[in-house]
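Asks: Turn this into a model:
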Amino acid sequence: MIDAKSPPQPLVATCSRGLEEVLADELRALDVKGVAAGRGFVGFTGGLKAVYEANLRLRTAARVVVPVVRGQVKGKNDLYDLATTVPWHEVVQRGQTIGVDVAGRSHVFHNTNFAAQVVKDAVVDTIRGREGWRPSVDRSNPDMRLHLHLSDGLTTLSLDSTGEQLSHRGYRPRGGPAPLAETLAAGVLLLAGYDGTQPLLDPLCGTGTFSAEAALIATRTPPGLRREFAFESWAMHDRELFSEITRAASHEHRDAPAPIVARDRDERAVQAARRNLKAAWMNRWVEVEQRDALDLELPWSEGGIIVANPPYGKRVGDVKRLGNFYKRFGDQLKKKAQGATAWLIVGNRELANQIGLKAKRRIPLFNGPIECRLLKYELYSGSRKHKADPDPSG
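Replies: Numbers count the residues shown, from 1 in each chain. Below is the predicted model of the structure:
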């Protein structure tokens, strides 16, 4: 079991599909070893310090889990026996609740709820047999959450170190129309090469997620600095080590070196963006304006980055009606944003074609269940003719 004295062991950071390589780069920057990207996750190795650093600093990860046992599972008894090999009395303290999430697929367990129940029984029986008491089960908000990943190959049972997903920074209320996950917004900014030294404009800011994440990056503020984590309730949690890491991270703060501007034509969106930026302690670094995206003017002389998440016609708006907006927005980029680089998340091929610009890069990303493309447009100064890309989402 992992603790402050444990040698490096396998760890996993999960993420939205399309962000694996960005997350891998983030982990390499933390100087961890064994970084290897998979599909929707990145594996690495480290000890308790790496778990703390990853949860505190990673901008694109959804959660960090610690695999505790892995093996071949051919039926209910195999899964039960596998789960009972873990010394759960070293993990779960008296009075704590447990919960099990299940992901993956296996021909053995068509019902994931049944697989979760088998693991819960194994944990409860193991602790009761050794300690004489049993933990309760809490499906919604347990003290100790376990992650079971089913596979026809090796099935893995892991301990969740994160708790509420890392995308929930705490500055934005849940829900709202077509929300953009904080981790995806950060991923787009990192894919765009944003490090805070370039001016940045979001002309369709909504509730301000891009601008908040940009300000966190620009000021070198770890996204997990003001939240709690599941590992804080672990029996093996090292409070002194975590406090030391948190203090060191907070001392890296700097003033944002370049302007960050967020705009939206909707007064309610502007108000929400200002509230969220204040909740993130980032309002000092972002200028929020009520202005239509089709009234596009760069807040600086030339260059910089434009980033936007226009409506897809799936959850908000209508494809036919939005086609005219995409065309006009593309025209504004050509006329008013010369010298800048624009990055747009587009979830509809038909609408993407209406932009009328040739995409320099097309990066597949997922905004929740919606498959999108992150399109990069280099907006050259002067006259330069390009044919519209026939398939920006291909």
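
Asks: any idea how far residue 265 lies from residue 302?
Replies: In this structure, residue 265 and residue 302 are separated by 24 Å, where distance is defined by Cβ to Cβ, to the nearest Å. From N, CA and C alone the C-beta is placed, and that goes for glycine too.

Asks: These two: who's more crowded?
Replies: When neighbours are counted by other Cβ atoms under 10 Å, residue 265 comes out ahead of the other of residue 265 and residue 302, with 15 against 12.

Asks: Can you tell me the closest non-neighbouring residue to that one?
Replies: Distances taken as Cβ to Cβ, 6 or more residues apart in numbering put residue 292 closest to residue 265, at 4.2 Å, once the chain neighbours are dropped.

Asks: how many other residues sit next to that neighbour?
Replies: Neighbour count of residue 292, defined by other Cβ under 10 Å: 13.

Asks: That one contacts residue 267, doesn't it?
Replies: No. Assessed by Cβ atoms under 8 Å, residue 292 is found out of contact with residue 267, at 12.0 Å.

Asks: residue ranges of the helices in the stretch 201-350 of the chain, please?
Replies: Secondary structure of the stretch 201-350 of the chain, counting by DSSP state H, counting those that start in this stretch: helices at 209-218, 239-250, 267-279, 319-336, 349-353.

Asks: other SSEs contacting the longest one?
Replies: Helices and strands touching helix 319-336, by 3 or more Cβ pairs under 8 Å, 6 or more residues apart in numbering; DSSP states H and E, are helix 349-353.

Asks: Check which residues of the helix it packs on are buried.
Replies: Judged by neighbour count using 16 or more other Cβ atoms under 10 Å, the buried positions of helix 349-353 are 351-353.

Asks: before we move on, back to that, quick check: phi and psi on the residue nearest to residue 265?
Replies: Here the main-chain torsion angles of residue 292 (degrees, to the nearest 10) amount to phi -70, psi 140.

Asks: And for the one 3 residues further on?
Replies: When read as degrees, to the nearest 10, the backbone of residue 295 gives phi -100, psi 60.

Asks: ok, now residue 347?
Replies: Note on residue 347: backbone dihedrals following degrees, to the nearest 10 are phi -110, psi 10.

Asks: so how far is residue 362 from the closest residue to it other than its chain neighbours?
Replies: With Cβ to Cβ, 6+ apart as the criterion, residue 347 has its nearest non-adjacent residue at 3.4 Å, and that residue is residue 312. When Cβ to Cβ is the yardstick, residue 312 and residue 362 sit 16 Å from each other.

Asks: Thank you, goodbye.
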